[in-house]
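Asks: have a look at this fold, sequence not included:
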């Protein structure tokens, strides 16, 4: 449906900030409404890419886990990875992708721990590259560099 | 009658009884920020219309981090009329019987609290305020922990390592309140348990949230150290690492709390405390500061999600400081991995 939800949220946040905020008398109410407007603006920035980001994260983690099966002794852990490999998601709703993402994250943590114990630096290094990329998908990550450089 | 006016009326009955003379409410307004307490600024008038300005801090029905009011009040009591500026204490009620929630009352200090994310907040007095800020932290470290006012401060009876007490506590908060799996945070927790810091030369009073934003300043004077609800007995490096954490000086990592240069800050602290900073131990507390921070932000997100406290400060905390702390952990652990490779 057009206009897109993110466009609507952006205008709504602007209107709260410019039209309604000055009407409030108490500083507490002003600060609280101002915070809502800011958070609404932040939310609008991420809506479009949310599903795509989750999908990319899931692919990256799954690929890395598949590659690492040879370095893992634990049968339970291998079984968990294989279950994820064979899983067919019923749809591409954000909630479905996110549930799968959480499952993969949990296994990712377990495998990272195994590799730390065996000091397998090569695969560990790859895992941190993935985590860096995943972190780049977070809500304010893209703003952190701007915050740093505006000094 | 609106909520604030009703609170004011209930408060003034209590306050009049406390002072055994009639008072009236001049004004009452809630202060924004901080999700663990509802904080109100009150002006009260006696029968001769003489004004007293008060701060009234009530526990939230659902507090972000469960701390009792006594901890904060005890710390204020311990530093009355000392080199560590704190508000004058008036009363504490630990039960909800009197006014519907536990609370403390203090005299209001006149000064400004800045946003911890505002790089220019203390300009043009950053130098003077910086010296006071780091000296005061030193004063807190050298405070005699046997002061009877500190008898109920958490950690006083704990004989084991402070690092473990603190790490166990915050990891427990994360385990209870997390709604999602965060591999970066989990890696930091593993790293901290694997490589603990050295025992401190002494245990001391730890403020628990010593940073920009939690003190009041007026021009070039630091007039009050606030928000002691996470105070405990622990390692002197804990507050130092928390106060110098990049999150509180994100736009200028070498000027912690946007005051003076880090090197100068550490020198002032060392001179005041006479404690030599052990580099590797401080690095441990730097990483711990991120884990503790994330526990707080995770807890904020939990309160927002479960609907117990939908103040936007909780959503803000979960999104923005949460992301920043993950970024700091990433930087620390990536560097460590590179060091291990070479």
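Replies: Yes, it's here. Treat the numbers as computed from the prediction; the structure is a model and nothing was measured.
Asks: skipping adjacent residues, who's closest to residue B:215 in space?
Replies: Take residue B:215 and drop its neighbours on the chain: the residue closest to it by Cβ to Cβ, 6 or more residues apart in numbering or on different chains is residue B:225, 5.2 Å away. All C-beta spots, glycine's among them, are computed from the backbone N, C-alpha and C.
Asks: for chain A, what's its nearest residue on the stretch 51-200 of chain B.
Replies: In the stretch 51-200 of chain B, no residue comes nearer to chain A than residue B:181, which is 3.9 Å away by Cβ to the nearest Cβ.
Asks: so that residue: helix, strand or coil?
Replies: Under DSSP: H, G, I helix; E, B strand; the rest coil, the three-state class of residue B:181 is coil.
Asks: any idea of the pLDDT on it?
Replies: Per-residue confidence (pLDDT) for residue B:181: 97.
Asks: okay, residue A:119 and residue B:294: tell me how far apart.
Replies: Separation of residue A:119 from residue B:294 (Cβ to Cβ, to the nearest Å): 26 Å.
Asks: higher neighbour count, those two?
Replies: Comparing residue A:119 with residue B:294 by other Cβ atoms under 10 Å in any protein chain shown, the one with more neighbours is residue B:294, at 27 against 8.
Asks: so that one is in which element?
Replies: helix B:279-305 (DSSP states H and E).
Asks: and the angle from the next helix or strand along the chain from that helix to helix B:279-305?
Replies: Per DSSP H and E, helix B:279-305 leads on to helix B:312-341 as the next helix or strand towards the C-terminus. Inter-element angle recorded for helix B:312-341 and helix B:279-305: 150 degrees (by axes from the mean of the first three to the mean of the last three Cα atoms, to 10 degrees).
Asks: show me what helix B:312-341 is packed up against.
Replies: helix A:27-46, helix A:121-135, helix A:141-149, helix B:183-194, helix B:279-305 (3 or more Cβ pairs under 8 Å, 6 or more residues apart in numbering or on different chains; DSSP states H and E).
Asks: which residue is nearest the centroid of chain B?
Replies: Nearest to the mean C-alpha position of chain B, by Cα atoms, centre = their mean, lies residue B:209 at 2.7 Å.
Asks: and it, how far is that from residue B:228?
Replies: From residue B:209 to residue B:228 the distance is 8 Å (Cβ to Cβ).
Asks: what does residue A:101 give?
Replies: 39 Å.
Asks: residue B:7 contacts residue B:28, doesn't it?
Replies: Yes - applying Cβ atoms under 8 Å, one finds residue B:7 in contact with residue B:28, separated by 6.6 Å.
Asks: who touches both of the two?
Replies: Common neighbours of residue B:7 and residue B:28, using Cβ atoms under 8 Å, 6 or more residues apart in numbering or on different chains, are residue B:40.
Asks: which other residues reach the strand or helix carrying residue A:8?
Replies: Residue A:8 belongs to helix A:5-15 when elements are defined using DSSP H and E. Residues outside helix A:5-15 that contact it (Cβ under 8 Å, 6+ apart) are A:37, A:38, A:40, A:41, A:43, A:44, A:45, A:47, A:48.
Asks: export those residues to JSON lines and tack on pLDDT?
Replies: Converted to JSON lines, these look like this (pLDDT from 0 to 100):
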{"residue": "A:37", "pLDDT": "92"}
{"residue": "A:38", "pLDDT": "89"}
{"residue": "A:40", "pLDDT": "90"}
{"residue": "A:41", "pLDDT": "87"}
{"residue": "A:43", "pLDDT": "85"}
{"residue": "A:44", "pLDDT": "86"}
{"residue": "A:45", "pLDDT": "81"}
{"residue": "A:47", "pLDDT": "83"}
{"residue": "A:48", "pLDDT": "83"}
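Asks: for the host helix or strand of residue A:68, which positions count as buried?
Replies: For residue A:68, the host element (DSSP H and E) is helix A:50-68. Residues of helix A:50-68 classed as buried under the neighbour-count rule (16 or more other Cβ atoms under 10 Å in any protein chain shown) are A:53, A:54, A:55, A:57, A:58, A:60, A:61, A:62, A:64, A:65, A:68.
Asks: and it, what does it pack onto?
Replies: So helix A:50-68, by 3+ Cβ pairs under 8 Å, 6+ apart, packs with helix A:75-86, helix A:94-118, helix A:121-135.
Asks: okay, those in a markdown table with mean neighbour count and distance to residue B:121 next?
Replies: Shown next, in a markdown table, are these (neighbours: other Cβ atoms under 10 Å in any protein chain shown; distance: least, Cβ to Cβ, whole Å):
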| stretch | mean neighbour count | distance to residue B:121 |
| --- | --- | --- |
| helix A:75-86 | 13 | 47 |
| helix A:94-118 | 17 | 37 |
| helix A:121-135 | 17 | 28 |
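Asks: for residue B:59, give me the pLDDT.
Replies: Residue B:59 is given a pLDDT of 88.
Asks: ditto for the one 3 residues further on
Replies: The per-residue pLDDT reported for residue B:62 equals 58.
Asks: same question, residue B:320
Replies: Confidence score, pLDDT, at residue B:320: 89.
Asks: ok, the nearest residue to it once chain neighbours are set aside to residue B:325 distance?
Replies: Excluding its sequence neighbours, the residue lying closest to residue B:320 (Cβ to Cβ, 6+ apart) is residue A:140, at 5.3 Å. Between residue A:140 and residue B:325 the distance is 12 Å, computed by Cβ to Cβ.
Asks: neighbour-wise, which of the two wins?
Replies: It is residue B:325, of residue A:140 and residue B:325, that has more neighbours when counted by other Cβ under 10 Å, with 25 against 18.
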